[in-house]
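Undergrad: could you look at this predicted model? Sequence included:
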Amino acid sequence: MKIIAIYNIKGGVGKTATAVNLSYTAAAEGNKVLLVDIDPQGASTFYFNTKAVLEGGAKKVLFGQKTIEDSIRLTEFENLDILPSDSQYRKLDTFLHDMKNADKWLKKLFSPVKKNYDYVFIDCPPSITAVSENIFINADAILVPVIPTVLSIRTYAQLKAFFKEEKLDDKKLFPFYSMYERRKNMHNESILEFSKMYPECIDVAIPYNSEIEKMGEYMAPLVHKYPNAEASEVYRKLWKKLKKQI
Ligand SMILES: Nc1ncnc2c1ncn2[C@@H]1O[C@H](COP(=O)(O)OP(=O)(O)OP(=O)(O)O)[C@@H](O)[C@H]1O
Ligand SMILES: [Mg+2]
């Protein structure tokens with residue numbers, strides 16, 4: 001079982017859109033997939049038509065005597081299950097702080113279901129917290145959507161600097177481009193610069209597609225609803241490339 005986190009310090013860069021579409025893509029290929037919505041906003045939980053409540057209570061399930069097994073829900077898609085969001089997730093940092101030997105928290109959390117899944121995708125909230133740091137330690141890959149602008153490049157540099165400071169393994173970081181608009185010079189120039197600076201970049205750009213914004217209306221991943229859209233093709237390409245590297 002591989003753990004893939006979708007993370008960026010910045011908000012609104014396409015983390016949830018990526019988590020929803022990649023977890024669906026991996027499951028459609030026949031892999032057993034668990035999508036974990038660790039963001040209290042609960043966006044990916046909503047897209048999969050699931051109630052944003054962790055049965056059994058977030059503290060007990062994530063940090064106490066219970067295991068996550070009873071809180072996992074099926075989605076309407078084959079091979080794809082979800083561990084839903086919960087409003088208590090706003091307190092995850094406090095819960096983690098109270099825990100002894102918290103370093104391996106995330107790995108231990110998934111060990112009861114390790115045999116059931118090939119891939120776990122984690123839809124992370126923005127900003128650096130104790131929980132995100134724990135994810136950095138325990139995930140096998142951290143996929144970072146980057147909107148190709150000067151500001152986003154700077155944010156990625158900050159993330160790399162944080163990894164260095166905390167002596168974390170930055171070989172786990174896989175940036176790729178998100179919400180790419182071909183007509184914008186700044187996007188094209190930023191891609192050239194970023195790819196040169198960060199060779200770890202997975203060289204694919206999810207194009208801006210307004211149908212992605214409407215996922216909340218048709219309540220399904222874009223890749224399922226519009227399999228022939230260019231963005232769907234690029235999500236599949238991203239998955240193919242990432243899979244080879246982890
Ligand atoms: N490639 C895209 N083209 C057009 N719209 C997109 C694309 N990717 C994401 N969006 C839209 O942009 C908004 C932000 O995307 P998303 O929710 O995936 O970002 P996020 O990084 O998860 O945000 P947050 O930090 O708030 O969790 C959403 O309305 C989403 O539908
Ligand atoms: Mg999100």
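TA: Great, that's in hand. Ligands and ions are numbered 1, 2, ... in the order given.
Undergrad: tell me the residues of this structure that contact ligand 2?
TA: Lys15, Thr16, Ala43 (C-beta under 5 Å from the ion). Any C-beta I mention is one placed from the backbone N, CA and C, and that applies to glycine too.
Undergrad: out of those, who's nearest Pro175?
TA: Lys15 (12.2 Å; C-beta to C-beta).
Undergrad: beta-bridge partners for the residue nearest to the closest one when sequence neighbours are not counted, please?
TA: Nearest in space to Lys15, with sequence neighbours left out and distances taken as C-beta to C-beta, 6 or more residues apart in numbering, is Ile6 at 4.7 Å. With DSSP bridges applied, Ile6 shows beta-bridge pairing to Asp123, Leu143.
Undergrad: let me have the residues of the chain next to ligand 2 in a markdown table, extended by distance to Ala139 and pLDDT.
TA: Compiled in a markdown table, the residues of the chain next to ligand 2 are given as follows (distance: C-beta to C-beta, whole Å; pLDDT from 0 to 100):
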| residue | distance to Ala139 | pLDDT |
| --- | --- | --- |
| Lys15 | 14 | 98 |
| Thr16 | 17 | 98 |
| Ala43 | 20 | 97 |
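Undergrad: among these, name the ones in helices.
TA: Lys15, Thr16, Ala43 (DSSP state H).
Undergrad: now do the helices in the chain.
TA: Using DSSP H, helices in the chain cover 15-28, 43-47, 58-63, 92-97, 105-110, 130-138, 150-165, 185-197, 210-213, 215-218, 222-225, 230-245.
Undergrad: and those helices, which is most packed in?
TA: Burial of the helices of the chain is given as mean neighbour count (mean count of other C-beta atoms under 10 Å); helix 15-28 ranks first at a mean of 26.
Undergrad: quick check, it touching ligand 1?
TA: Yes: using C-beta under 6 Å from any ligand atom, helix 15-28 reaches ligand 1 at Lys15, Thr16, Ala17.
Undergrad: show me what that helix is packed up against.
TA: Here helix 15-28 touches strand 2-6, strand 33-37, helix 43-47, strand 80-83, strand 119-123, strand 141-146, helix 222-225, helix 230-245, going by 3 or more C-beta pairs under 8 Å, 6 or more residues apart in numbering; DSSP states H and E.
Undergrad: okay if I get these as a markdown table plus distance to Leu106?
TA: As requested, those are exported to a markdown table (distance: least, C-beta to C-beta, whole Å):
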| stretch | distance to Leu106 |
| --- | --- |
| strand 2-6 | 7 |
| strand 33-37 | 9 |
| helix 43-47 | 17 |
| strand 80-83 | 12 |
| strand 119-123 | 8 |
| strand 141-146 | 12 |
| helix 222-225 | 26 |
| helix 230-245 | 19 |
